[in-house]
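A.B. asks: Got a predicted structure plus its sequence, pasted below:
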Amino acid sequence: MTDREAHPPLDLETIRRLLDAGVMLAAPLSAGWTTLSLENLQEWYADPVAYQAKCEGVSVEELQAYERAQGKLPCPALTRQGRPCRGDVGQAHTPAEWVRRLGERCYTHQERDTGGSRR
């Protein structure tokens, strides 16, 4: 039995009353929270990770990769010896930014690729 299967079904009538009384429900995002309607709550409850990915504008796989990387952007270049570069490009604050910036190169490889000189 998964953790999600152990959860009881939502009491929609009670939740509807709470929402009608002005109670706000929210789900976490990488940079804050999103307010949930009754319909959104059902979608979030069914699959929180898929709902967060949808709100963030990325796929579930991209969201999970962003979380594994803790937002760090690795340099994709190879060293002169043919090994993966261990430098990072920086830090992304949201999964969408992380996905958009994937492929950027670190300072050393930007300079080498553009023929610039490092001083």
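C.D. replies: Yep, that arrived.

A.B. asks: Please name the residues that touch L29.
C.D. replies: Q52, C55, E56 (CB atoms under 8 Å, 6 or more residues apart in numbering). All C-beta spots, glycine's among them, are computed from the backbone N, C-alpha and C.

A.B. asks: Which ones among those lie within helices?
C.D. replies: Within those, residues falling in helices by DSSP state H are Q52, C55, E56.

A.B. asks: Now tabulate those in JSON lines and tack on distance to A77.
C.D. replies: Listed next are these as JSON lines, based on distance: CB to CB, whole Å:
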{"residue": "Q52", "distance to A77": "31"}
{"residue": "C55", "distance to A77": "32"}
{"residue": "E56", "distance to A77": "27"}
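
A.B. asks: closest to N40 among those?
C.D. replies: Nearest to N40, judged by CB to CB, of the ones in helices among the contacts of L29 is C55 at 9.0 Å.

A.B. asks: I'd guessed that closest one sits against T35; true?
C.D. replies: No - with contacts counted by CB atoms under 8 Å, C55 stays clear of T35, the gap being 10.7 Å.

A.B. asks: And these two? Which one has more around it.
C.D. replies: C55 (18 against 9; other CB atoms under 10 Å).

A.B. asks: With adjacent residues omitted, what lies nearest to that one?
C.D. replies: The spatially closest residue to C55, leaving aside those adjacent along the chain, is T34, at 5.3 Å (CB to CB, 6 or more residues apart in numbering).

A.B. asks: which among the ones in helices among the contacts of L29 gets closest to R101?
C.D. replies: Nearest member of the ones in helices among the contacts of L29 to R101, counting by CB to CB, is E56, at 14.4 Å.
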